[in-house]
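In: Next one to model:
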Amino acid sequence: MSLTEAFVDLPTLQDCCNALIELLKKYSSTESDAALCLRILRPIFDEILSGERIEPYGEIPCAYYFHQGSLSRHLELEEAYSKFATAARGINREKLIAFVNQAKDNALKKNYE
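Out: Below is the predicted model:
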């Protein structure tokens with residue numbers, strides 16, 4: 001499988017989904033944006049947990065809140081959302097990390113040539 005081939009690993013996606021739900025519930029009492037994102041993402045969570053959806057998603061709502069908004073100050077929330085969104089898009093996280101690291105190595109080598 002190449003980086004461009006999208007494939008949803010349902011068990012992994014469901015694990016990521018459950019982890020994000022738990023964190024959003026945990027923070028919902030103190031962070032109104034966590035409660036908002038939990039409500040917005042609930043239909044996607046329900047679809048994933050029921051096993052109804054095995055096709056990759058395009059955009060995942062709420063990215064702003066986790067990466068630039070108020071929830072970004074909670075690293076565990078930002079990481080859980082990133083893992084969830086990556087899995088939901090059908091991106092192989094390990095291959096993506098390897099690709100990015102290889103690109104960095106190549107850029108460093110090129111700078112030293």
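
In: Next, report how far stretch 99-113 is displaced from the centre of its chain.
Out: Taking CA atoms, centre = their mean, to the nearest Å, one finds stretch 99-113 lying 26 Å from the centre of the chain it belongs to.

In: Check stretch 84-104 too.
Out: Relative to its chain's centre, stretch 84-104 lies at 11 Å (CA atoms, centre = their mean).

In: Over to stretch 83-91?
Out: Distance of stretch 83-91 from the chain centroid (CA atoms, centre = their mean) equals 5 Å.

In: Sort out which residues of it are buried, please.
Out: 83-88, 90-91 (16 or more other CB atoms under 10 Å). Just so you know, the C-beta spots here come from the backbone N, C-alpha and C atoms, and that holds for glycine as well.

In: same thing with stretch 14-30?
Out: Buried residues in stretch 14-30, defined by neighbour count with 16+ other CB under 10 Å: 14, 16-17, 19-21, 23-24, 27-28.

In: Return the per-residue confidence for R93.
Out: The confidence metric pLDDT takes the value 66 at R93.

In: can you check the one 5 residues further on too?
Out: Per-residue confidence at A98 stands at 77 (pLDDT).

In: Next one: it relative to K104, how far apart?
Out: Note on A98: its distance to K104, by CB to CB, to the nearest Å, is 11 Å.

In: likewise E59?
Out: Distance of E59 to K104, given as CB to CB: 26 Å.

In: same check, this time on H67
Out: Per CB to CB, H67 is found 20 Å from K104.
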